[in-house]
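Enquirer: just coords:
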């Protein structure tokens, strides 16, 4: 009997540890504020953050619903930093036909799995391009808009083909297969 109690206790502790390791946002999903980013490697689930970046979240959802991101490349990928995509031209200078967005700065930090909006040197120039962090980058804090957080599938983001040199420009880049709002996926 003591052995069964020990096994049950160990299983309960493991379940508790797993629940603590997985962000509560991943445990209780809001399909309207969840993005499915399908890569050739697998599905990445991103929790949207409308409380800190409502305009950027709305933009990501609008473009995802239009199928804008489908087939777009991760044109700039820098080892130990980030993977950038969302430009249909693959050059780093393209965007959607929608107007640019103003910076929605927050107190959140750019850490592994954070999704931010790319922009030019103007803080109010975000449009469709975004990036996913491989590692922390405190120099970006407060300078770029954070709109989401990867809650599962980061191992697939880690497999995105890297670029060369300091610019991270990728030759024959990996592409987004589909990007959808979870509420729209049947």
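Expert: Happy to help now that I have it. Since the structure is predicted, the reported quantities are computational estimates derived from the model, not experimental observations.
Enquirer: and residue 30, how many neighbours?
Expert: A total of 12 residues lie near residue 30 under the criterion other C-beta atoms under 10 Å. Glycine gets a C-beta too; all of them are placed from N, C-alpha and C.
Enquirer: and if you look at residue 81?
Expert: 19.
Enquirer: Next one, pLDDT for residue 182 please.
Expert: You'll see residue 182 listed with a pLDDT of 98.
Enquirer: which stretches of the chain have low pLDDT?
Expert: Residues of the chain that meet the criterion pLDDT under 70 lie in 1-28.
Enquirer: residue closest to the middle of it?
Expert: residue 115 (3.9 Å; C-alpha atoms, centre = their mean).
Enquirer: is the closest residue to that one other than its chain neighbours in a bridge, and if so with what?
Expert: Excluding the flanking residues, the one nearest residue 115 by C-beta to C-beta, 6 or more residues apart in numbering is residue 148, at 3.7 Å. Legend: beta-bridge partners of residue 148 under DSSP bridges are residue 48, residue 115.
Enquirer: what do you get for residue 178?
Expert: residue 38.
Enquirer: check contacts around it.
Expert: 36, 37, 38, 67, 69, 70 (C-beta atoms under 8 Å, 6 or more residues apart in numbering).
Enquirer: Tell me which stretches of the chain form helices.
Expert: 2-21, 24-27, 54-66, 154-157 (DSSP state H).
Enquirer: Now for the residue nearest to residue 115: which residues touch it?
Expert: 35, 46, 47, 48, 49, 57, 60, 114, 115.
Enquirer: how many other residues sit next to the residue nearest to residue 159 when sequence neighbours are not counted?
Expert: Counting by C-beta to C-beta, 6+ apart, residue 159 lies nearest to residue 41, which is 4.6 Å off, once chain neighbours are set aside. Close neighbours of residue 41, defined as other C-beta under 10 Å, add up to 15.
Enquirer: I figured residue 41 hits residue 154, correct?
Expert: No - using C-beta atoms under 8 Å, residue 41 is not in contact with residue 154; the gap is 11.0 Å.
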